[in-house]
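[1] need coordinates for the following:
(chains A and B)
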Amino acid sequence: MGFAMGIVRRKRAPVALPGLGLSLGITLTWLSLIALIPLAALVIRAGGLGWQGWLDAVSGERVWLSLRLSFGASLIAALLDTFAGLLIAWVLCRYKVPGHAFWDVLVDLPFALPTAVAGIALTALWVPDGWLGRLVEPFGGKVAFAWPGVVVALTFIGLPFVVRTLQPVLQSAEKELEEAAESLGASPAQVVWRVVLPSLRPALLTGFALAFARAVGEYGSVIFICGNIPMQTEITPLLIVSRLEQYDYAGATALATIMLALSAVILALLQALHAGRRTALR
Amino acid sequence: MVRILLTFLAMAWLTLMVLAPVVIVLVEALGDGVGAWWAAVSDEETRTSVALSLKIAALVVPLNAVFGVAAAWALARFRFPGRALLLALLDLPLSVSPVVAGLVFVLLFGAQGWFGAWLQEHDIQIIFAVPGIVLATAFVTLPMVARELLPLLESQGDDAELAARTLGASGWQVFWRVSFPRMRGALAYGVLLCLARALGEFGAVSVVSGHIRGQTDTLPLHVEILHNEYHFQAAFAAASLLLLVGVATLLLRRLHTPETGH
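    Predicted structure coming up:
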């Protein structure tokens, strides 16, 4: 998924292409109707609650616990994805792996699998008598219908963001640098730590941020495996839905503004991160 | 040695975390035989939900495709004030939580929404009806075509178009004879991605649909209903259809990638 869109251009040619008015008109009209005006309505509606009303709607233990779970589980999942993603991208880029194309396609699967399908599949795997749940049960591990289930679902959906961000960087990385370090007497660990990782840092950060952003807002894949126990396995998007179902529009709106603000902040961070590199992410 | 260990770990992770969920969908869907799978898939309610999902995709995808071409054209071929902001806003629908995407339409068109009273007066139902699902789906798939086209148009540059223009071609001639043929591959792939997402969207649609059986349950919502009612085999059979769409998208991507070279 490319975040890179700007390319430095030469000076404007004397002959201009037509169609700016029409294409920009269509773009702004549709974008405003479908996304911008509805999102603005959300913000205005939240503003209508007043500062105190907003604060009342987002305080309370149930909200706090849901935010803690959403942020905590997303953080753990994004970290797991960063490590696993680095490992997978490294192996796929640098080693000759049997069935390379198969594994490479598999990486994208969480992008392509509808979240509801991922949700019921992961639940079936991790319930106590499921294929994987069975393995952790003897050790007292409970994944489905507990907080680790939330982490499992969020880790699943976040993985491709990290791998796909790292792959192009690893492919274009100058192997000569690694070879030079090696020939100068660096141990393999030193090569990885001093040469490889520093060059990957921006891509790792981007991948982490993308996985985190996706995880915080995720709904479909989580609600099946988490068991929806209020105060225990209730993520914030789920709390928004349950408030809506009780016609608590004000409460849902206030929580949604937190999620929206977070998306905007992460998006701005990614843009800033990207502006520093200007490398295509695809 | 390290090489073998790392390869093994990477494959173990992919197998347990990504491959296993796919396998279990197939096993649960087909575990009782192909006959049981077919019975579940051809069930009246499942068929209705498939038809609804297709209908919604048929409405949303063409609109977002036209939007995608227009947005890519404007953003790749011109420099204007506010362009950077527009680029950032274009990504917003993909980074907003699907639940929030559904919520905004409830706030506008729901019973307590801004236009709620007016809509009720005129007996128009948007939330808990098909129009709401269309809007929510359009929101979450909004930039998908544009994002496929934009990098392509940027990397192609406008030399060919300017040449055609200098040689006296009209604006539309430039577009249809020069630009369009060169973006066809990326456009088709963008449309495919948009279609797959439109068919599979769950969160945003779930908020606005109201889950009325046979009327507003799309295929992903139907999977949830079946699962919640403990019809696991039927839920996985319906899910296998969505899995098929997802896998087909991935395989078509394989075919598409070498051609445009990204």
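[2] just give the number of residues close to the residue nearest to residue B:213 when sequence neighbours are not counted.
    Spatial nearest neighbour of residue B:213, excluding adjacent residues (Cβ to Cβ, 6 or more residues apart in numbering or on different chains): residue B:45 at 6.5 Å. In this view, the C-beta of every residue, glycine as well, is placed from N, C-alpha and C. By the criterion of other Cβ atoms under 10 Å in any protein chain shown, residue B:45 has 15 neighbours.
[3] give me the helices and strands touching the host helix or strand of residue B:45, please.
    For residue B:45, the element it lies in under DSSP states H and E is helix B:44-77. Under the contact criterion of 3 or more Cβ pairs under 8 Å, 6 or more residues apart in numbering or on different chains; DSSP states H and E, helix B:44-77 touches helix A:20-31, helix B:83-95, helix B:130-141, helix B:144-156, helix B:180-200, helix B:219-228, helix B:232-260.
[4] what's downstream of the fourth one, the next helix or strand?
    On the C-terminal side of helix B:144-156, the closest following helix or strand by DSSP H and E is helix B:159-166.
[5] C-alpha coordinates for that next one, CSV please?
    What follows is helix B:159-166, C-alpha atoms only, in CSV (Å, rounded to 0.1, in the frame of the first residue of the first chain):
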residue,chain,number,x,y,z
ASP,B,159,5.2,13.6,-21.6
ALA,B,160,3.0,11.5,-23.8
GLU,B,161,-0.1,13.5,-23.0
LEU,B,162,1.6,16.8,-23.6
ALA,B,163,2.9,15.5,-26.9
ALA,B,164,-0.6,14.5,-28.0
ARG,B,165,-1.9,17.9,-26.9
THR,B,166,0.8,19.7,-28.9
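[6] center of chain B - which residue?
    Nearest to the geometric centre of chain B sits residue B:197, at 2.1 Å (Cα atoms, centre = their mean).
[7] from residue B:227, how far out is residue B:53?
    Taking Cβ to Cβ, to the nearest Å as the measure, residue B:53 falls 17 Å from residue B:227.
[8] which of those two has more residues huddled nearby?
    Higher neighbour count among residue B:53 and residue B:227: residue B:53, with 26 against 21, using other Cβ under 10 Å.
[9] for that one, give me its contacts.
    Applying Cβ atoms under 8 Å, 6 or more residues apart in numbering or on different chains, we find residue B:53 in contact with B:198-199, B:218-220.
[10] any idea which of those is closest to residue A:237?
    Proximity of those to residue A:237 (Cβ to Cβ) peaks at residue B:220, which lies at 15.7 Å.
[11] quick check: that closest one vs residue A:219, distance?
    11 Å.
[12] overlap in contacts, these two.
    What both residue B:220 and residue A:219 touch, as defined by Cβ under 8 Å, 6+ apart, is the set A:115, B:202.
[13] could you report the distance from residue A:103 to residue A:109?
    Taking Cβ to Cβ, one finds residue A:103 at 11 Å from residue A:109.
[14] which neighbours do those two have in common?
    With Cβ under 8 Å, 6+ apart as the test, residue A:103 and residue A:109 reach no residue in common.
[15] what is the burial count for residue B:62?
    Neighbours of residue B:62 (other Cβ under 10 Å): 12.
[16] ok, residue A:71 next?
    16.
[17] let me know the secondary structure of the nearest residue in space to it that is not next to it in sequence.
    Once flanking residues are discounted, residue A:71 sits nearest to residue A:216: 6.8 Å by Cβ to Cβ, 6+ apart. Going by DSSP: H, G, I helix; E, B strand; the rest coil, the secondary structure assigned to residue A:216 is helix.
[18] and for residue B:169?
    coil.
[19] after the helix ranked longest in chain A, next one along is what?
    As assigned by DSSP state H, the longest helix anywhere in chain A is helix A:61-94. Next along the chain after helix A:61-94, taking DSSP H and E as the criterion, comes helix A:100-112.
[20] close to chain B, is that next one?
    Yes: shown here: helix A:100-112 in contact with chain B (Cβ under 8 Å from any Cβ of the partner chain) through A:101, A:103, A:105-110, A:112.
[21] and the furthest pair within the residues you listed?
    Of all pairs drawn from those, the greatest distance, 17.7 Å, lies between A:101 and A:110 (Cβ to Cβ).
[22] a markdown table for the contacts of residue B:53, including pLDDT, distance to residue B:68 and neighbour count?
    Shown next, in a markdown table, are the contacts of residue B:53 (pLDDT from 0 to 100; distance: Cβ to Cβ, whole Å; neighbours: other Cβ atoms under 10 Å in any protein chain shown):
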| residue | pLDDT | distance to residue B:68 | neighbour count |
| --- | --- | --- | --- |
| B:198 | 96 | 13 | 25 |
| B:199 | 96 | 18 | 25 |
| B:218 | 95 | 22 | 30 |
| B:219 | 95 | 24 | 26 |
| B:220 | 96 | 23 | 26 |
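[23] follow-up on the earlier one: restricted to buried residues, select the residues of helix A:100-112 next to chain B in PyMOL.
    Selection of buried members from those for PyMOL, criterion 16 or more other Cβ atoms under 10 Å in any protein chain shown:
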select buried, chain A and resi 103+105+106+107+108+109+110+112
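[24] alongside chain A, which residues does the stretch 151-262 of chain B contribute?
    Contact residues, the stretch 151-262 of chain B versus chain A (Cβ under 8 Å from any Cβ): B:151, B:154-155, B:158, B:161-162, B:165-166, B:170-171, B:174-175, B:196, B:199-203, B:206-207, B:220-221, B:223-224, B:227, B:232, B:235-236, B:239, B:242-243, B:245-247, B:249-251, B:253-254, B:262.
[25] please type out the ChimeraX selection for whichever of these turn out to be buried.
    Restricted to buried positions by 16+ other Cβ under 10 Å, the ChimeraX selection for those reads:
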select /B:151,154,158,161,162,165,174,175,196,199,200,201,202,203,206,207,220,221,223,224,227,232,235,236,239,242,243,245,246,249,250,253
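[26] hang on, the earlier thing: residues contacting the residue nearest to the centre of chain B?
    Residue B:197 is in contact with B:140-141, B:144, counting by Cβ under 8 Å, 6+ apart.
[27] okay then, goodbye and thanks.
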